[in-house]
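Visitor: Predicted model and sequence follow; I will ask about them next.
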2 protein chains.
Amino acid sequence: MNSFVYDIPVKVYFGPDQLGHLGEELKKYGNRVLLTYGGGSIKKIGLYDKVVAEIKKAGLELFELSGIEPNPRITSVNKGAEICKKENIDVLLAVGGGSTIDATKFIGAGAFYEGDAWDLVTGKAPITKCLPIVTILTLAATGSEMDAGGVISNLDTNEKLGNGHPTMLPKVSFLDPTNTYSVSAYQTACGAADIMSHIIEVYFNMNKDLYMLDTVAEGLMKTVIKYTPIAIKEPDNYEARANLMWASSWAINGFIDGGKKQAWSCHPMEHELSAFYDITHGLGLAILTPRWMEYTLDETTVSKFYQFGCNVFDIDKSMEPMAVAKKSIEMLSDFFFKTLGLKSTLTEIGIDDSNFEIMAKKACKGSIIQGFKPLKQEDILNIYKMCL
Amino acid sequence: MNSFVYDIPVKVYFGPDQLGHLGEELKKYGNRVLLTYGGGSIKKIGLYDKVVAEIKKAGLELFELSGIEPNPRITSVNKGAEICKKENIDVLLAVGGGSTIDATKFIGAGAFYEGDAWDLVTGKAPITKCLPIVTILTLAATGSEMDAGGVISNLDTNEKLGNGHPTMLPKVSFLDPTNTYSVSAYQTACGAADIMSHIIEVYFNMNKDLYMLDTVAEGLMKTVIKYTPIAIKEPDNYEARANLMWASSWAINGFIDGGKKQAWSCHPMEHELSAFYDITHGLGLAILTPRWMEYTLDETTVSKFYQFGCNVFDIDKSMEPMAVAKKSIEMLSDFFFKTLGLKSTLTEIGIDDSNFEIMAKKACKGSIIQGFKPLKQEDILNIYKMCL
């Protein structure tokens, strides 16, 4: 069991009646606010007007960057960083899902960097500091509202890379489940797959770790499995949206890690998929995860799958461990592809094997992913092929 | 479902190799450190020497207050506040269990108050600020290392009262499970009962709340049930001590509340027991809780007990809800009184009914406890009698 430092000082306002605190929170960091958002859905749901009203009421000066892409691009990050420098921005307000928040984190870091912010994503230049960030979440998925990392795409190089820094952790996040009522069934399903994947990447671990955190991970997964179908059927079911939203934050804020050091497996494989094909991250994860599970299941790993099957899917404990394990993968597949209705193969979404070799090489950086089971380039290639 | 604010910025160093960070953390708040501790067990386990060495190494000036009692008394608090004022203390370092940390919180608040710090406990005077607090935990029980409250006893008035303030939240807590290796079987058991009670006070709630947090509460309870017997049998089992320690913090740091507003029931009843008889808090809670459960179980509350029984004690879901409920109380009693070996009645620990009337009146402040089931004075009296 490894030691760890727990340090998640994000303040969260949870609930539908909290936006009145926005002005006072922004003011703590200064007067010049850069509001960042995506394609304009926040205008459709009326959130944009409410946010601007609160900012005006607080007497703050407002600047804007809109048009942040679903797989946010470095071009948007550089544009935002430029505004920060030119306008002496004090605080960033990201209103949107993980893409907007991720981009905003690198905008905040880019404000202190002379040069292409892509250097901060690749690690060519170190992230040293970041403007303070406040977020208003509109999609339960990436957990970016409560963690210190982000993932940025570069279409010029076909790269999608992640990086992070403690100063990129949002100071305050507003989590209002009603802001996710308008999220489509498809995006709700993709968000759920993303949340599940964040938990699975940590939970599937053979190290001796804090059992207590395994129970939390299992509870979070049960929450996603219970409420996603409800949110899809009844988009304005508060209980469902609230549970999914809070679960999304806790899936990846670091709490369930508890000192686990193992590399993630499906995320780097998926990042290549969306880097090459610009697909929705959660969809890629849904397609990959069950195949990765099939590929990694063997006598050495079966005990973890057994635990997963019994505690998350309530499979009969008295069954043979291997049978439980196989059934658990089947039930996860059914959840993604039947219950949530996501496409189950890469072929169905128009992806063939033409880039698999290079994607596999990039996913493991030409070496090996030291995950639940170590994955070499050929293993990754095999998993991609299983997804066809 | 109520809205809530989540704001727990305590930094936690977890593990046996973290004390090297003590100096740098204390230094952030100043140079003059008041070290507070209890009866000297920290000297027996060698922790005192290590702490002093780190403080010296960091070049800080050390002051001391020892002798803080197990049910910490206002006299110790006033003594500590006096030292803070006289010596211009910058930061408090509490090394011990919940009693030491609770007292230290009021010492930190008392440093800014001219007068008897008991006024801050009773609420006669408002708590306005508190010196920064760093803790080194030596007992998994109260969760004081990660919350903003404390409970203080006044032997002159037979009162044991709690209060809190956001500024009383520790800045940093060091959680080293090996520091609990020397905790006796009895104190380990009492600590476990305290943790269980913190969770039960919140979990037993008929409001519609975040299901996700129920799964976390259930996981924490399963953790305590799984590991306490191990820690009792093998006091230096790291896995057991680590799980109990981290569970103690999360049982009461506010996370599992998720906007639940309901009053606690067993804690105010127990505070009267230990105010009148100076018994160990956890023991009082172990004796009270199953009786309180029996008293509150009826057709309106049975569904929560059913959930508790199935999810925490793995009782067969197909049984009648009322049968599951009764069995869950039986299993909790067995856990406290058979597995952990705690005394099961007040009679056994020398307490008779002579003060029950006045204790019942004080527990509900002459009115009513608006808990899981509202408890009037006569209800509380009945529950006390069931404990004989």
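Guide: Nice, I can see it.

Visitor: With adjacent residues omitted, what lies nearest to the spatially most central residue of chain A?
Guide: The geometric centre of chain A, computed from its C-alpha atoms, lies nearest to residue A:142 (C-alpha atoms, centre = their mean), at 2.1 Å. Using C-beta to C-beta, 6 or more residues apart in numbering or on different chains and skipping residues adjacent in sequence, the residue nearest residue A:142 is residue A:98, 2.7 Å away. Bear in mind the C-beta positions are built from the backbone N, C-alpha and C, glycine included.

Visitor: Relative to chain B, how far out is that neighbour?
Guide: Applying C-beta to the nearest C-beta, to the nearest Å, the value for residue A:98 to chain B is 19 Å.

Visitor: and if you look at residue A:332?
Guide: Using C-beta to the nearest C-beta, we find residue A:332 at a distance of 18 Å from chain B.

Visitor: Residue A:168 contacts residue A:108, correct?
Guide: Yes - the pair residue A:168 / residue A:108 is scored as a contact, 6.6 Å apart, by C-beta atoms under 8 Å.

Visitor: neighbour-wise, which of the two wins?
Guide: A count of neighbours by other C-beta atoms under 10 Å in any protein chain shown puts residue A:108 above the other of residue A:168 and residue A:108, at 30 against 25.

Visitor: starting at the chain centroid, how far to the helix or strand where the more buried one lies?
Guide: Using DSSP states H and E, residue A:108 sits within helix A:98-110. Chain-centre distance of helix A:98-110: 13 Å, with C-alpha atoms, centre = their mean, to the nearest Å.

Visitor: which residues sit in contact with the nearest residue to residue A:362 once chain neighbours are set aside?
Guide: Counting by C-beta to C-beta, 6+ apart, residue A:362 lies nearest to residue A:272, which is 5.4 Å off, once chain neighbours are set aside. Going by C-beta atoms under 8 Å, 6 or more residues apart in numbering or on different chains, residue A:272 touches A:160, A:359, A:360, A:362, A:363.

Visitor: My reading is that residue A:272 lies in a helix. Confirm?
Guide: Yes - counting by DSSP: H, G, I helix; E, B strand; the rest coil, residue A:272 is located in a helix.

Visitor: pLDDT score for it?
Guide: Reading off the confidence values, residue A:272 has pLDDT 95.

Visitor: if I look at it, how far off is residue A:285?
Guide: Applying C-beta to C-beta, to the nearest Å, the value for residue A:272 to residue A:285 is 12 Å.

Visitor: Equivalent analysis for residue A:248, please.
Guide: The spacing between residue A:248 and residue A:285, counted by C-beta to C-beta, is 13 Å.

Visitor: Show me which of those two is the more surrounded one.
Guide: Ranked by neighbour count (other C-beta under 10 Å), residue A:248 and residue A:285 place residue A:248 first, with 31 against 28.

Visitor: you'd agree the more buried one is up against residue A:142?
Guide: Yes - with contact defined as C-beta under 8 Å, residue A:248 reaches residue A:142; the gap is 7.2 Å.

Visitor: which residues are common contacts for these two?
Guide: Contacts common to residue A:248 and residue A:142, judged by C-beta under 8 Å, 6+ apart, are residue A:194.

Visitor: could you say which helix or strand contains residue A:13?
Guide: Residue A:13 is part of strand A:11-14, with elements assigned from DSSP H and E.

Visitor: Parallel or antiparallel, which strands does that strand pair with?
Guide: strand A:172-175 (parallel), strand B:4-6 (antiparallel) (DSSP bridges).

Visitor: could you point out which element follows the first one?
Guide: Downstream of strand A:172-175, the first helix or strand assigned by DSSP H and E is helix A:185-203.

Visitor: what angle separates that following helix from helix A:98-110?
Guide: Between helix A:185-203 and helix A:98-110, the angle comes out at 60 degrees (axes from the mean of the first three to the mean of the last three C-alpha atoms, to 10 degrees).

Visitor: residues of helix A:185-203 that come out buried?
Guide: A:186-203 (16 or more other C-beta atoms under 10 Å in any protein chain shown).
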